[in-house]
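Novice: After the sequence you'll find the predicted model.
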Amino acid sequence: MKTQTIEWIATGKRHRQQRWMLITGSLALLAVLLCCAMLLLGHTIYPVSDVIRVLRGEQISGASFAIHTIRLPRMLSGLFAGFAFGIAGNTFQTMLRNPLANPNVIGITSGSSAAAVFCIIILQASNTVVSIASVIGGLLTVLLLYIFSRSNRSSFSIGRLILVGIGMQAMLNAVISYLLLVGAEQDIPSALRWLSGSLNGIRVEDVTPLVIAVLICAPIVVIFGKHLSILELGEQTATTLGVNTEQTRIALILSSVFMIAIATAVTGPIAFVAFLAGPIAKRMVGVGFSNALPAGLVGVNIVLSADLIGQFAFEVRYPVGIITGMIGAPYLIYLLIRMNQKGDL
């Protein structure tokens, strides 16, 4: 009987591992295909051979400018920003054991956005300064959230963090609205375009900090991601099982916020990607293995797909944030209704 139980557990684990590998591989393949589509499609559809030649450094009239200056930065920013939003959103949702606890809802993205808009409209600063201010704004928002979420010196309340975060988001959005009102008329269009979440006009040099941030922080999130499922069991249980909850939480939060802040500075706050990626990945992959990497790949596929839809599906071209907002808003309403029925609200 004992041997049969062990074999049954081992078989179940093997099946879950195979499912994880299959889903993750499929998501990665879809991301590669979407990246290729981003390079091939546009006003002019170039053949694959021309794209490869341009990427190798050859100069082809018309194609070199379109691919190097417009399509490649657009593709890279969508790829790395989508991964950053997806993996960071899943981290917050899993760590705080609540699907509403994502950077968009609890004010972290708004903190980065408020700092960036201040630099764009008031200081008229460079992209480098905007990126630095975005990171600082996100980190300060997290610090305030953590301080106000502690009911006393040692206790940390997830419910209080979400409520404080929603209030802080409303306050920061009011700050952004005020900055738009007092800003110079010529600066408003660029700020509004940035706030909608867009891949338009991004240059290769703008993407470099985002690539570096994801390459450094994403492995940290993946490594510590194996503890996320244990943190879901609660603080006391995780401590009993030998997890240093404070160290794990700090590493995950700092890495996630840094990626979100840099991604927000480059592309603007692309709506609902951090909110959607984790639940979709969890439903596809199932339980038993970390879904940090699948969530990042889901984020990539959402951003790239939404950008292609926004470019080619309508008579007017829409920023990627408009399309993701159209997808995410109904899901948020559905989630709130379902949580209310379960008594989780």
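Specialist: It's in.
Novice: where does residue 58 land in three-state SS?
Specialist: Of the three states, residue 58 takes coil under DSSP: H, G, I helix; E, B strand; the rest coil.
Novice: Once you drop chain neighbours, what's closest to it?
Specialist: residue 64 (7.7 Å; Cβ to Cβ, 6 or more residues apart in numbering). (C-beta placed from N, C-alpha, C; glycine too.)
Novice: which helices and strands sit right next to the helix or strand harbouring the one you found?
Specialist: Residue 64 is part of helix 63-65 when elements are defined by DSSP states H and E. Applying 3 or more Cβ pairs under 8 Å, 6 or more residues apart in numbering; DSSP states H and E, one finds that helix 63-65 contacts helix 48-55.
Novice: Tell me the helices and strands packed up against the helix it packs on.
Specialist: helix 2-40, helix 63-65.
Novice: In this structure, where is pLDDT below threshold?
Specialist: 1-13, 150-159, 229-245, 288, 336, 339-345 (pLDDT under 70).
Novice: Give me the most central residue, the protein.
Specialist: When Cα atoms, centre = their mean is applied to the chain, the residue found nearest the centroid is residue 85 (0.6 Å).
Novice: Near residue 93, how many other residues are there?
Specialist: 25 (other Cβ atoms under 10 Å).
Novice: Equivalent analysis for the one 4 residues further on, please.
Specialist: Around residue 97 there are 13 other residues, counting by other Cβ under 10 Å.
Novice: Okay, and residue 179 sits in which element?
Specialist: Residue 179 belongs to helix 158-182 when assigned by DSSP H and E.
Novice: For that helix, buried residues please.
Specialist: 161-162, 164-165, 168-169, 172, 175-176, 179 (16 or more other Cβ atoms under 10 Å).
Novice: Next, the buried residues of stretch 191-198.
Specialist: 191, 194-198.
Novice: Over to stretch 59-76?
Specialist: Buried residues in stretch 59-76 (16+ other Cβ under 10 Å): 63-64, 66-67, 70-76.
Novice: For residue 135, give me its contacts.
Specialist: The contact partners of residue 135, by Cβ atoms under 8 Å, 6 or more residues apart in numbering, come to 112, 257-258, 261-262, 265.
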